[in-house]
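[1] Provided below are the primary sequence and the corresponding predicted coordinates.
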Amino acid sequence: MKITLKLYATFMPYLPSNADGHAAELELSENATISEAIEKVKLPDDKVHLILVNGVYVSPDVRTTHALSESDVLALWPAVAGG
């Protein structure tokens, strides 16, 4: 199945070569989890702070069980700080 992966801030270098801006199409097996998508692009799992699937917040504690579907949009952010 294909999903759209969006990576932000310091995660941008982990985007696949087919990226357009901060998004790329990612091919995954059927019912792949968020963790499987993170592993596929070799993103450090412990650095993922904010997860959205189709614009809806997903708690990090379910990333190993939350199955993705065809055409989902998975957006990931690291922890950020500012003043």
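    Received it, and whenever you're ready, just let me know what you need. Only a predicted model underlies this, so the values are computations on that prediction, with no experimental measurement involved. Numbering: from 1, shown residues only.
[2] Name the helix or strand for Lys6, please.
    Taking DSSP states H and E as the definition, Lys6 sits inside strand 2-7.
[3] strand partners of that strand, parallel vs antiparallel please.
    Pairing partners of strand 2-7, with direction, according to DSSP bridges: strand 23-27 (antiparallel), strand 73-78 (parallel).
[4] any residues touching the helix or strand that comes right after the shortest one, and which ones?
    The reference is to strand 23-27. Per DSSP H and E, strand 23-27 leads on to helix 34-40 as the next helix or strand towards the C-terminus. Outside helix 34-40, the residues that touch it by CB atoms under 8 Å, 6 or more residues apart in numbering are 3, 5, 26, 28-29, 45, 48, 51, 53, 58, 62-64, 66, 68, 74, 76. Every C-beta, even on glycine, is put in place using the N, C-alpha and C of the backbone.
[5] ok, now stretch 1-19?
    Contacting residues not belonging to stretch 1-19 are listed as 22-30, 32, 37, 41-43, 47, 68-78, 80 [CB under 8 Å, 6+ apart].
[6] From start to finish, how long is it in a straight line?
    17 Å (CA to CA, to the nearest Å).
[7] how about that stretch: buried residues?
    Buried residues in stretch 1-19, counted by 16 or more other CB atoms under 10 Å: 3, 5-7, 11, 14-15, 19.
[8] what bits of the chain have low per-residue confidence?
    Applying pLDDT under 70 to the chain flags the ranges 82-83.
[9] cutoff 80 now
    For the chain, the stretches flagged by pLDDT under 80 are 80-83.
[10] if we can go back for a sec, mark which of the contacts of helix 34-40 are buried, thanks.
    Using 16+ other CB under 10 Å, the buried members of the contacts of helix 34-40 are 3, 5, 26, 28, 48, 51, 53, 58, 63, 66, 68, 74, 76.
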